[in-house]
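Colleague: Okay, here's the prediction I keep looking at, along with the sequence it came from:
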Number of protein chains: 2
Amino acid sequence: MAEYKVPLQDIHFAYNDVLDFNKHYEQLLAADDATPDMVAAILEEAAKFSEQVVSPLNAVGDVEGCHWQDAKVSTPTGFKAAFDQFKAGGWTGLSQPVAFGGQGLPVSLNTIFYEMLTSANHAWAMYPSLTWGAINTIKSHASEALQRDFLPLMVQGEWSGTMCLTEAHCGSDLGLLRTKAIPNDDGTYAISGSKIFISAGEHDLTDNIVHIVLARLPDAPEGVKGISLFIVPKYIASNHSDKKNIDHHHSDLTLDQNALQYNNVQCGSIEHKMGIHGNATCVMNFDGARGYLIGQANKGLHCMFTFINESRLGVAQQGHGHIERSYQGSLAYAHERLQMRAPHRVLPDKPADPIIAHPDVRRMLLTQKAYAEGGRLLNYYCAQQVDIHNAGDTEQTRKEAEEELALLTPIAKGFLTEVSMEATQYGVQIFGGHGYIREWGMEQEYRDTRITSIYEGTNGIQALDLLARKILPSGGEALRPFAAKVQAFCQSEQGDRMKPFQALVNQQFSDWLTLTMDIARRGKDDPNAIGMAAYDYLMFAGYATLAYFLAKSASAANRKLMGKDSAHIDAQYYENKIAVCQFYFDRILPRNAVHASCMRAELNSVFDWQE
Amino acid sequence: MAEYKVPLQDIHFAYNDVLDFNKHYEQLLAADDATPDMVAAILEEAAKFSEQVVSPLNAVGDVEGCHWQDAKVSTPTGFKAAFDQFKAGGWTGLSQPVAFGGQGLPVSLNTIFYEMLTSANHAWAMYPSLTWGAINTIKSHASEALQRDFLPLMVQGEWSGTMCLTEAHCGSDLGLLRTKAIPNDDGTYAISGSKIFISAGEHDLTDNIVHIVLARLPDAPEGVKGISLFIVPKYIASNHSDKKNIDHHHSDLTLDQNALQYNNVQCGSIEHKMGIHGNATCVMNFDGARGYLIGQANKGLHCMFTFINESRLGVAQQGHGHIERSYQGSLAYAHERLQMRAPHRVLPDKPADPIIAHPDVRRMLLTQKAYAEGGRLLNYYCAQQVDIHNAGDTEQTRKEAEEELALLTPIAKGFLTEVSMEATQYGVQIFGGHGYIREWGMEQEYRDTRITSIYEGTNGIQALDLLARKILPSGGEALRPFAAKVQAFCQSEQGDRMKPFQALVNQQFSDWLTLTMDIARRGKDDPNAIGMAAYDYLMFAGYATLAYFLAKSASAANRKLMGKDSAHIDAQYYENKIAVCQFYFDRILPRNAVHASCMRAELNSVFDWQE
């Protein structure tokens, strides 16, 4: 099985040549430490850690899975040692505030790191990424006292975090949740209820697990307006920030009352899943567990959306990671495997050619590659918006970034996870029968990525979020700021070779706006027209957005090829960027015609059918 | 988990109302026993067996898998008992000649039965279906003596069969195979070599396993022209057809020399696979095993194609079976699961509606349903051609049926297995997080069907078979007989409501012919144009073919609704057929515009890319 190699050349191309992160960092407040040299050094170390420590555990995690016994969960062999190394390297705090022990670097740097981690091992990478989400939620919404009590140890990786939303009867529909929070006399709350599908809900990597839990106060209004958010730690420390008090070797659920006290939170079982076996998916039972309110009562869902939005960008990266890893495996195999004679022989002296010479194999590889490159740019661009939202130099730029993120988050999450299923499917297909066998690792990619279109809001929910919550209520205005940037690119001078790409991107965005207005009009007559268009709208948006980023990639490559250093560069590398873009425009982007035609189709057949 | 229910109403609709099997049987030679009453009775019993005996073992097989120890393979709990019941019921010989102990019914009846078996339990159903393939190969190509020695016990289900083609270095490219066959003095051959991915290569369901093996004679020409076909049984009987000699309780590899003698065929290991865990995928080692030549030396691949073609139709059914089962599970869950308020409330007094009221869920269900109904008709139509090929009343009708089968086999296999991935993906998606969990069974459908686009010739191979082997060499003529039938339907009087469907089908087939000529022209300049078009050509053909069958289905439903008994029928049932067809034409068939545009796209990007 081919191990994952961090595509550092592609990352640097995206980072420097297409999206100009160095300039981006210069414009941020408080990104002084992110100098080009520092960033390059961090990425190199991050790549080593991902390749050498995390990636080799990917298959181990899949085969061994997690094991539950007496409410304890053990992670696969090596997971804990890798996590200890991760913690010791200070990686947990890379983009966390210096005030809490982090390194204070921009979030986007962590995004690039997370690309490596999740490509290397999705299941393992979920443990730290959930912790990051929990940290950010506490940082954004909890009181200073709670921040002081929880953040330092979480930033150091001593404690991990989770998000506890789903209950058996409510997944997408959080308004139905029943977990209760009864006020205690001391200002804390007694949390009772059962949560399901809690990733990393219980494990053996950290001393304590800090659950971020949605629950209802006794007098809460029904539905989503009566949900509050709580911190519910597995253990309660008498002095939370005093690390000395933690018993590092606790082996059962009752600890010294003076140090860490068990809080009535118990893992009831873990799920048998199709994939991500190395990450424990837990049923978590809260039985009067002590919880601390985050933010205002009944405003919990708003606070939770910090976590949810960030997680969605993380899921987009998981989808992308599987695309990249599948592509790498497929490419290597396609070079090695000799089978059938290609139309144009590559090894005329041998009875068969490498399968990469066969057109249909190239079709699959180029599709994977286009998603891998376009997906990377979309994710990095989103990360830049997170940076600007956090540390843009004016209120206005911060607000604009937030608005662009609101638009792009469901596209990145929904679209990249959809095409990840296609790309990993090709990974299996290129390997033929060997793709279906565990030892080659391709089928794991196909299984592992399958969760990404479901969790953190199914892609159906992403589609409704994009169309019905964000774009239509704004009368389409939500799309315009991003569309304006795209239009500016399309009208800029990028050389003759780029003009056809620019024209096609421009057409896509113009069609996108027209379709939006059409749906708005039809939705006034029948709201089903919106729900019925949403999935196609999301996919249309995704293909159009990727077209833009791949055109940007081709333009950046073209600049290299036309530049004054062109004699000293690896010209084929840059020609490949243009070929990938051309392939995408020729053979993938046409799918948007189908999505447009589905959005325009009549509704009658869909509702006449009653089975 | 919802168990599989045989959709008898849909099967009868396809059988009687759309494809008129009764008339079809009347026109066959030697199908006198297939009277309407007899057929109905058989289908009812077959349904009971599939639902009650085979389906409950589907999850068991997945969880337990097969186990290898000391060259023996044990199948999951219950597999053997179900097989014994199957055998006792005489099901193994349903469509096999009376002369060998079968019931002599038309093959198409077995096809309908196989739909039930494979929907119920793909892994289990492979054991008998491989045996059927082996029987037919022996029946078609082996000497009378070999037929007499092997067929009776195989038809009775006492012995099972396999096909042994693949070796580690040759999957699609059989010309590379190395297994040797050295002539013995007695007219038999000593077979030596190692085969991989042999489904049902070793198991505990039958007393003996009859391997159909491709190997090379010492003086054989290189490549596919030097391949011969052999029968290589696991045990050699001193008198093959004397069932009394078989030791029913053999527990190791050496048996009484006077009865069954161990032939040097050994299962070296079994694979850990993504799915179909209940079927053992074996490495088979032949170490001078005695083999019997089938047909002429060096003409083995031709003989093997009897098995291969039949298996491909079986794989099309497997793909279809997963679509049907996913649809059934999804539909039941979509009615039960209450989540979010739908645009038009169904349960206005409750806080949420069943998810079937949500447009996007209906989109997924209707897509599954369209594939399930269209796929069934395509498979049954192919089965009719097999019947006619076997027992048509004139040489001419038999030849025409064979030609249609040559065209439709790669379409059925390739297209139905591709859309099966989509349909089972929706099965997981409709269940949300529960879809990713083992206990609900949806993820098993997604995993199990993934093999169908790979084995018996990857879909890339199916695409080349269709376009480059069958259609282009005929100058497009291979398409015309089927296209003529379609055109006749399109020009027939089916009532006003059907006219738009007829016009669209007609357009599809006209475009199909035009595209064929375009590719032929481009292929003369560059053979890569053919390889690059092949996958899109296959998918185009599949969508067009399904459009035809769904239009036939709608027409049959429309006849019912317009008929004189219309007051006494379940009108909604027939309206649903028309709605499914309308949905397909509105929202799925437009994909062919993309496939057409990909076939017309330039090749440069694909070959400029060199990575």
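Modeller: Structure's in. What do you need? Numbers count the residues shown, from 1 in each chain, chains lettered A, B, ... in the order given.

Colleague: and residue A:481, how many neighbours does it have?
Modeller: Using other Cβ atoms under 10 Å in any protein chain shown, residue A:481 has 13 neighbouring residues. The way it works is simple: take the backbone N, C-alpha and C, and place the C-beta from them, glycine included.

Colleague: and the one helix or strand it maps to, average pLDDT?
Modeller: According to DSSP states H and E, residue A:481 maps onto helix A:480-491. When pLDDT is averaged over helix A:480-491, the result is 97.

Colleague: tell me which residues in the next helix or strand after it are buried?
Modeller: Heading C-terminal from helix A:480-491, the first helix or strand you meet, by DSSP H and E, is helix A:499-525. Within helix A:499-525, the residues scored as buried using 16 or more other Cβ atoms under 10 Å in any protein chain shown are A:501-502, A:504-506, A:508-509, A:511-512, A:515-516, A:519-520, A:522-523.

Colleague: cool, stretch A:350-368 as well?
Modeller: A:352-368.

Colleague: Sitting in helices, which of these do you find?
Modeller: A:359-368 (DSSP state H).

Colleague: Please export the alpha-carbon coordinates of the helix or strand containing residue A:138; CSV is fine.
Modeller: In the assignment (DSSP H and E), residue A:138 maps to helix A:122-141. The C-alpha trace of helix A:122-141 is given here as CSV (Å, rounded to 0.1, in the frame of the first residue of the first chain):
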residue,chain,number,x,y,z
HIS,A,122,-9.0,11.0,8.9
ALA,A,123,-10.0,9.0,12.0
TRP,A,124,-6.9,10.1,14.1
ALA,A,125,-7.1,13.7,12.9
MET,A,126,-10.7,14.0,14.2
TYR,A,127,-9.5,13.9,17.8
PRO,A,128,-7.5,17.1,17.7
SER,A,129,-9.9,18.8,15.3
LEU,A,130,-12.8,18.4,17.6
THR,A,131,-10.7,19.8,20.3
TRP,A,132,-9.9,22.9,18.2
GLY,A,133,-13.7,23.4,17.6
ALA,A,134,-14.4,23.1,21.3
ILE,A,135,-11.6,25.6,22.2
ASN,A,136,-13.0,28.1,19.7
THR,A,137,-16.5,27.8,21.0
ILE,A,138,-15.3,28.4,24.6
LYS,A,139,-13.0,31.2,23.4
SER,A,140,-15.8,32.9,21.5
HIS,A,141,-18.8,32.5,23.8
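
Colleague: Please see if that helix touches chain B.
Modeller: No. Helix A:122-141 lies apart from chain B when judged by Cβ under 8 Å from any Cβ of the partner chain; the minimum separation is 13.1 Å.

Colleague: Neighbouring strands - and their directions - for the helix or strand of chain A with the lowest mean pLDDT?
Modeller: Lowest mean confidence among the helices and strands of chain A (mean pLDDT, DSSP states H and E): strand A:260-262, at a mean of 87. Strand pairing for strand A:260-262, using DSSP bridges, gives strand A:235-237 (antiparallel).

Colleague: for the partner strand, what is the average pLDDT?
Modeller: Strand A:235-237 comes out at a mean pLDDT of 91.

Colleague: The top strand by length along chain A - what's its average pLDDT?
Modeller: Counting residues, the longest strand found in chain A (DSSP state E) is strand A:281-294. Averaged across strand A:281-294, the pLDDT comes to 98.

Colleague: same thing with stretch A:298-310?
Modeller: On average, stretch A:298-310 scores 90.

Colleague: how about it against chain B, any contact?
Modeller: No. Interface with chain B: stretch A:298-310 contributes nothing (Cβ under 8 Å from any Cβ), its closest point being 14.4 Å away.

Colleague: what does that stretch contact?
Modeller: For stretch A:298-310, the external contacting residues (Cβ atoms under 8 Å, 6 or more residues apart in numbering or on different chains) are A:132-134, A:136-137, A:140-141, A:163, A:165, A:174, A:212, A:214-215, A:217, A:220-221, A:224-230, A:294-295, A:386, A:405, A:409, A:456-457.

Colleague: Kindly export that stretch (C-alpha atoms) in PDB.
Modeller: Taking Å, rounded to 0.1, in the frame of the first residue of the first chain, the C-alpha atoms of stretch A:298-310 are listed here in PDB:
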ATOM      1  CA  ASN A 298     -31.700  29.700  25.100                       C
ATOM      2  CA  LYS A 299     -29.100  31.200  22.700                       C
ATOM      3  CA  GLY A 300     -27.100  28.000  22.600                       C
ATOM      4  CA  LEU A 301     -27.600  27.200  18.900                       C
ATOM      5  CA  HIS A 302     -26.200  30.500  17.900                       C
ATOM      6  CA  CYS A 303     -23.000  29.800  20.000                       C
ATOM      7  CA  MET A 304     -22.900  26.200  18.700                       C
ATOM      8  CA  PHE A 305     -22.700  27.500  15.200                       C
ATOM      9  CA  THR A 306     -19.100  28.700  15.800                       C
ATOM     10  CA  PHE A 307     -18.300  25.000  16.300                       C
ATOM     11  CA  ILE A 308     -20.600  23.800  13.500                       C
ATOM     12  CA  ASN A 309     -19.300  26.200  10.900                       C
ATOM     13  CA  GLU A 310     -15.700  25.500  11.700                       C
END
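
Colleague: Mind listing what's buried along it?
Modeller: Using 16+ other Cβ under 10 Å as the test for burial, stretch A:298-310 gives A:298, A:300-301, A:303-304, A:306-310.

Colleague: Nearest spatial neighbour of residue A:471, chain-adjacent residues omitted?
Modeller: With sequence-adjacent residues excluded and distances taken as Cβ to Cβ, 6 or more residues apart in numbering or on different chains, residue A:471 is closest to residue A:478, at 5.0 Å.

Colleague: Return the distance of that neighbour relative to chain B.
Modeller: 20 Å (Cβ to the nearest Cβ, to the nearest Å).

Colleague: Any idea how many residues pack against that residue?
Modeller: Neighbours around residue A:478, by other Cβ under 10 Å: 20.

Colleague: isn't it right up against residue A:405?
Modeller: No. Shown here, residue A:478 and residue A:405 do not form a contact pair, counting by Cβ atoms under 8 Å, at 11.1 Å.

Colleague: Check the offset of stretch A:61-81 from the chain's centre.
Modeller: 23 Å (Cα atoms, centre = their mean, to the nearest Å).

Colleague: How about stretch A:444-459?
Modeller: 11 Å.

Colleague: And the helices in the stretch 51-200 of chain A?
Modeller: A:57-64, A:79-88, A:107-120, A:122-141, A:144-155 (DSSP state H, counting those that start in this stretch).

Colleague: tell me the mean pLDDT for the third one?
Modeller: Within the predicted structure, the mean pLDDT of helix A:107-120 is 98.

Colleague: counting contacts, what elements does that helix pack onto?
Modeller: Contacts defined by 3 or more Cβ pairs under 8 Å, 6 or more residues apart in numbering or on different chains; DSSP states H and E place helix A:107-120 against helix A:36-49, helix A:122-141, helix A:300-336, helix A:359-391.

Colleague: And for the second one?
Modeller: On a contact count with 3+ Cβ pairs under 8 Å, 6+ apart, helix A:79-88 meets helix A:57-64, helix A:122-141.

Colleague: Let me know which of those is tucked in deepest.
Modeller: Comparing the helices and strands packed on helix A:79-88 by mean neighbour count (mean count of other Cβ atoms under 10 Å in any protein chain shown), helix A:122-141 comes out on top with a mean of 25.

Colleague: Quick one: distance of it to the chain centre.
Modeller: 12 Å.

Colleague: Same question for stretch A:462-469.
Modeller: Offset of stretch A:462-469 from its chain centre (Cα atoms, centre = their mean): 18 Å.

Colleague: Equivalent analysis for stretch A:331-344, please.
Modeller: Put simply, stretch A:331-344 sits 33 Å off its chain's centre (Cα atoms, centre = their mean).

Colleague: before we move on, what about stretch A:157-171?
Modeller: Chain-centre distance of stretch A:157-171: 17 Å, with Cα atoms, centre = their mean.

Colleague: CA atoms of that stretch as PDB?
Modeller: The C-alpha trace of stretch A:157-171 is given here as PDB (Å, rounded to 0.1, in the frame of the first residue of the first chain):
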ATOM      1  CA  GLY A 157      -3.600  19.000  24.300                       C
ATOM      2  CA  GLU A 158      -3.900  17.600  27.800                       C
ATOM      3  CA  TRP A 159      -7.700  17.700  27.500                       C
ATOM      4  CA  SER A 160      -9.700  17.100  24.400                       C
ATOM      5  CA  GLY A 161     -13.100  18.200  23.300                       C
ATOM      6  CA  THR A 162     -16.300  17.100  21.600                       C
ATOM      7  CA  MET A 163     -19.600  18.400  20.300                       C
ATOM      8  CA  CYS A 164     -22.700  16.700  21.600                       C
ATOM      9  CA  LEU A 165     -25.700  17.600  19.500                       C
ATOM     10  CA  THR A 166     -27.400  14.600  18.000                       C
ATOM     11  CA  GLU A 167     -30.000  12.500  19.900                       C
ATOM     12  CA  ALA A 168     -31.700   9.300  18.600                       C
ATOM     13  CA  HIS A 169     -34.700  11.100  17.400                       C
ATOM     14  CA  CYS A 170     -33.000  14.300  16.200                       C
ATOM     15  CA  GLY A 171     -30.200  14.600  13.800                       C
END
